[in-house]
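Visitor: no sequence on hand, only this structure:
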Ligand SMILES: O=c1ccn([C@@H]2O[C@H](COP(=O)(O)OP(=O)(O)O[C@H]3O[C@H](CO)[C@@H](O)[C@H](O)[C@H]3O)[C@@H](O)[C@H]2O)c(=O)[nH]1
């Protein structure tokens, strides 16, 4: 029997590839055939790190060039985004033509990352239906979809630069947002911010408007305001491999699974898990303060010290540190994070608040110590500390450093016996995990989305508002 064939294309970053691969697994387990298109560069990284565990034969992984030279620095997100915008539409069209020539099951639908909005032009030109995937919070996409209103209200100018230093609300049911925390406004320098605004955000808005549906790694309970404001956004999250007792796929670095055995030997709810996703870079001073702060806490800790990205920072631990810490601390270069967060010995998560880490921590009832670095992470911290109240913030001093005493004091505050934040984290976990149970909101939204892909436009998709 013929299968409906869907093409999925993520932005080439860790926090985009992994959740879209998980979405792909949800689609294949619902009977769809998936072609997953990475950039050549990402494809090599992913293939080098993982035998792609548990991928169904309904899913093929392919790649196209990203428009950069082999020697170019892909951590320059502005340049990368512009290069992809210029070359990838042509390459994607060629790829689809090639697939359609060979394969009886022609591409019926493109599901593009909302930061790869240029896909809308390919979909239109080739007459293929388009849906989008939102790897960040629905609130971030709600901001992108409200660009015109934000310009009309003079919150931002036509280049996306914030004009007001006061918090705004997109609707009365949405949280207050600081325009200086809009995603493009806090990515790197002004040149990078402008390139991202011009080549990802503007197109992302157009594509989100044109797309029939936008599937989101979120839940109705977490972001009711955003999903009510834009009902074409369908929460299907949390997208977690651990829900299906499988392993997360699509890593850019090799996971060090020895930390799971180490966790097995730690007391229940004792370990501080410290990980800052795939982009965060600290300078040596900050690195040392963090090391010494963890030492001061007296708790066991598991710390992901990811190899430096483009600037190849080789961190130096404080003198005698490794000997003093001994087995109380475990440092790894990349952890199987979803399994770590699911481990009973976890007490809290010191995190940069990337959206995937946020969803993974929330889904496991782990309270957060928030330390945002860039992009949407400042807003995600607002969700955690001010709206859901399942975490506390680590504050910088006047020189921009989070000091060791701050780390010690916030860990103690968070882990003290009667802390309501821990209780909030457990309550939130229950609500969020309930959404994926058969018949509940995320599960229904996924099924409706799959039906729409399979059967075409006759399916009207009102957003599944309540469980
Ligand atoms: O040792 C580690 C550390 C992380 N992860 C995984 O890597 C992903 C990281 O994603 P995320 O927490 O979202 O962080 P980033 O990689 O920094 O993600 C980028 O993309 C996200 C989605 O758009 C944004 O929310 C972030 O701000 C942006 O930095 C998660 O699934 C983690 O489980 C591991 O498996 N092992």
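Guide: Nice, I can see it. All values reported here derive from a predicted model rather than from experimental measurement.
Visitor: in stretch 202-209, what counts as buried?
Guide: Of the residues in stretch 202-209, 202-208 count as buried by neighbour count, 16 or more other C-beta atoms under 10 Å. Placement of C-beta: from N, CA and C, glycine included.
Visitor: please read the previous query as pertaining to stretch 325-343.
Guide: By neighbour count with 16+ other C-beta under 10 Å, stretch 325-343 contains the buried residues 325, 329-332, 334-343.
Visitor: about what we covered before: and the buried residues of stretch 202-209, which two are the farthest apart?
Guide: Largest separation among those by C-beta to C-beta: 202 and 208, giving 11.0 Å.
Visitor: mutual contacts of these two, please.
Guide: Applying C-beta atoms under 8 Å, 6 or more residues apart in numbering, one finds that residue 202 and residue 208 are jointly contacted by residue 117.
Visitor: got the domain ranges for this protein?
Guide: 5-247+437-458, 257-430 (the TED database).
Visitor: any idea where the helices of the stretch 301-450 of the chain begin and end?
Guide: Taking DSSP state H, counting those that start in this stretch, the helices of the stretch 301-450 of the chain run over residues 321-325, 337-341, 355-363, 377-382, 404-415, 420-434, 441-455.
Visitor: got a list of contacts for the fourth one?
Guide: Under the criterion C-beta under 8 Å, 6+ apart, residues 137, 139-140, 175, 177-178, 181, 183, 186, 352-355, 358, 370, 372, 391, 393 lie in contact with helix 377-382.
Visitor: still on that earlier bit, lowest-confidence one in the buried residues of stretch 202-209?
Guide: Lowest model confidence among those falls on residue 203, which carries 93.
Visitor: the residue lying closest to that residue once chain neighbours are set aside: neighbour count?
Guide: Leaving aside its sequence neighbours, residue 203 sits nearest to residue 117 (C-beta to C-beta, 6 or more residues apart in numbering; 3.1 Å). Using other C-beta atoms under 10 Å, residue 117 has 25 neighbouring residues.
Visitor: now residue 2
Guide: Look at residue 2: counted by other C-beta under 10 Å, it has 8 neighbours.
Visitor: would you mark the buried spots in the lengthiest helix in the chain?
Guide: With secondary structure taken from DSSP state H, the chain has its longest helix at helix 77-102. By 16+ other C-beta under 10 Å, the buried positions in helix 77-102 come out as 77-85, 87-89, 91-93, 95-96, 99.
Visitor: can you list the residues of this structure near the ligand?
Guide: 13-16, 18, 135-136, 248, 251, 275, 277-279, 304, 334-335, 337-338, 354-357, 360, 375-377 (C-beta under 6 Å from any ligand atom).
Visitor: go again with 5 Å.
Guide: Residues of the chain found near the ligand (C-beta under 5 Å from any ligand atom) are 14-15, 18, 135-136, 275, 277-279, 304, 334-335, 337, 354-357, 375-377.
Visitor: not counting sequence-adjacent ones, nearest residue to residue 431?
Guide: Residue 431's closest residue in space is residue 221 (C-beta to C-beta, 6+ apart), at 4.6 Å.
Visitor: also residue 301?
Guide: Nearest one to residue 301, counting by C-beta to C-beta, 6+ apart, is residue 272 at 4.3 Å.
Visitor: what's the helix or strand encompassing the one you found packed up against?
Guide: Secondary-structure assignment from DSSP states H and E places residue 272 in strand 271-275. Under the contact criterion of 3 or more C-beta pairs under 8 Å, 6 or more residues apart in numbering; DSSP states H and E, strand 271-275 touches helix 284-297, strand 301-304, helix 337-341, strand 346-351.
Visitor: one step back: let me know the closest of the buried residues of stretch 202-209 to residue 293.
Guide: When the buried residues of stretch 202-209 are compared for distance to residue 293 (C-beta to C-beta), residue 204 wins out at 37.3 Å.
Visitor: who's in contact with residue 298?
Guide: Contacts of residue 298 by C-beta under 8 Å, 6+ apart: none found.
Visitor: renumber starting at 7 from here on
Guide: In the new count, where the first residue is 7, that last one comes out as residue 304.
Visitor: and it, its phi and psi?
Guide: Phi and psi for residue 304, reported as degrees, to the nearest 10, are phi 70, psi 0.
Visitor: what confidence value was assigned to it?
Guide: For residue 304, pLDDT reads 92.
Visitor: what about it, distance to residue 27?
Guide: Residue 304 is 38 Å from residue 27, where distance means C-beta to C-beta, to the nearest Å.
Visitor: show me where this structure has strands.
Guide: Here the chain has its strands, by DSSP state E, at 11-15, 39-45, 65-70, 113-119, 135-140, 219-222, 239-241, 277-281, 307-310, 335-338, 352-357, 374-376, 397-399.
Visitor: and the residue of the stretch 307-456 of the chain found nearest the ligand, how many neighbours?
Guide: Taking C-beta to the nearest ligand atom, the ligand has its nearest neighbour within the stretch 307-456 of the chain at residue 360, 2.4 Å off. Per other C-beta under 10 Å, the neighbour tally for residue 360 reads 27.
Visitor: contacting residues around residue 395?
Guide: Taking C-beta under 8 Å, 6+ apart, one finds 426-427, 430 in contact with residue 395.
Visitor: low-confidence bits of the stretch 357-473 of the chain, can you list those?
Guide: By pLDDT under 70, the low-scoring segments of the stretch 357-473 of the chain are 462-473.
Visitor: number of nearby residues for the residue of the stretch 7-156 of the chain found nearest the ligand?
Guide: In the stretch 7-156 of the chain, the residue that lies nearest the ligand is residue 21 (2.3 Å; C-beta to the nearest ligand atom). For residue 21, the neighbour count with other C-beta under 10 Å is 20.
Visitor: for it, give its distance to residue 256.
Guide: For residue 21 relative to residue 256 (C-beta to C-beta), the value is 10 Å.
Visitor: before we move on, what about residue 80?
Guide: From residue 80 over to residue 256 (counting by C-beta to C-beta), the distance is 16 Å.
Visitor: comparing those two, which residue is more hemmed in?
Guide: Set residue 80 next to residue 256 and count neighbours by other C-beta under 10 Å: residue 256 wins out with 25 against 17.
Visitor: hang on, the more buried one packs against residue 19?
Guide: No - look at residue 256 against residue 19 with C-beta atoms under 8 Å: they stay out of range, at 10.8 Å.
Visitor: now do the contacts for the closest residue in space to residue 418 that isn't next to it in sequence.
Guide: Nearest residue to residue 418 in three dimensions, chain neighbours excluded: residue 303, at 7.5 Å (C-beta to C-beta, 6+ apart). Going by C-beta under 8 Å, 6+ apart, residue 303 touches 278, 413-414, 417-418.
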